[in-house]
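In: Output the structure for:
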Amino acid sequence: DAINARHGDFVVLKGVEANIDADGGLDLSAEELATFDLVLAAPHAKLRKTEDQTERLLRVLETAGVHVLAHPSGRKRGERAGIVADWDAIFARAATRRIAIEIDGDPSRQDLNFAMAARARDAGCLFALDSDAHGADQLVYAETAIAHARLAGIPPARVINCWPLAKLRRWMRDRQSR
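Out: Reported below is the predicted structural model:
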């Protein structure tokens, strides 16, 4: 807030990647969620289970203040296939709630890949593209996310990273109350 007050030529957004609990709740309270401009909800547990986890993901999509469903399947090449779920139902709910679906460019994740991203596109989803960088040298992974979005035919108008700041802020505020 202090940086934003001093500098009018750029804005630092406050964001967090919250963990989706096994039951579809988040590891943050509603009060904590309200302190962030942008909240990504991501599964970090039960990623190797074979039972259907559709309800878990549908529940988190009903949480006020969630903006992005991050690396939704939790897949990691060579380690785990990821969550089993009715992805068309999840994409339909995300589209209805105007929650963006992340395309994670980390080469080991590529979650969503272009085929799944095309299904989300067809459902009407918004998207967030990112590198999932854990260091400056990994920022280049954003190019993988962009490549998957292009292969999926996602128009820039549906990518929140491409929006003007005023539009992004309106969407973020709207999501905090829904």
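
In: going forward, measure contacts and count neighbours with C-alpha atoms only.
Out: Noted.

In: Identify each buried residue in the longest helix along the chain, please.
Out: Counting residues, the longest helix found in the chain (DSSP state H) is helix 165-177. Within helix 165-177, the residues scored as buried using 16 or more other C-alpha atoms under 10 Å are 171, 172, 175, 176.

In: Can you lay out the residues you listed as JSON lines showing pLDDT?
Out: Listed next are the buried residues of helix 165-177 as JSON lines, based on pLDDT from 0 to 100:
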{"residue": "171", "pLDDT": "96"}
{"residue": "172", "pLDDT": "95"}
{"residue": "175", "pLDDT": "83"}
{"residue": "176", "pLDDT": "77"}
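
In: As TSV, those residues with distance to residue 67 would be great.
Out: Formatted as TSV, the buried residues of helix 165-177 follow (distance: C-alpha to C-alpha, whole Å):
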residue	distance to residue 67
171	9
172	7
175	6
176	8
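
In: farthest pair in those residues?
Out: Among the buried residues of helix 165-177, the pair separated by the greatest distance (C-alpha to C-alpha) is 171 and 176, at 8.7 Å.

In: burial count for residue 12?
Out: Number of residues near residue 12 (other C-alpha atoms under 10 Å) recorded here: 11.

In: distance between the longest helix of the chain and the chain's centre?
Out: 15 Å (C-alpha atoms, centre = their mean, to the nearest Å).

In: what does stretch 94-114 give?
Out: Chain-centre distance of stretch 94-114: 6 Å, with C-alpha atoms, centre = their mean.

In: What of stretch 65-72?
Out: Using C-alpha atoms, centre = their mean, the distance from the centre of stretch 65-72 to the centre of the chain it belongs to is 3 Å.

In: ok so, going back, give me the helices and strands touching the longest helix of the chain, please.
Out: With contacts taken as 3 or more C-alpha pairs under 8 Å, 6 or more residues apart in numbering; DSSP states H and E, helix 165-177 sits against no other helix or strand.

In: As CSV, could you dump the C-alpha coordinates of that helix?
Out: In CSV, the C-alpha atoms belonging to helix 165-177 read as follows (Å, rounded to 0.1, in the frame of the first residue of the first chain):
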residue,chain,number,x,y,z
LEU,A,165,-5.5,-2.3,-15.3
ALA,A,166,-8.9,-0.6,-14.8
LYS,A,167,-10.7,-3.6,-16.3
LEU,A,168,-8.6,-6.0,-14.2
ARG,A,169,-9.3,-4.0,-11.0
ARG,A,170,-13.1,-4.0,-11.7
TRP,A,171,-13.1,-7.8,-12.2
MET,A,172,-11.0,-8.3,-9.0
ARG,A,173,-13.4,-6.2,-7.0
ASP,A,174,-16.4,-8.0,-8.4
ARG,A,175,-15.0,-11.4,-7.6
GLN,A,176,-14.4,-10.3,-3.9
SER,A,177,-18.1,-10.0,-3.4
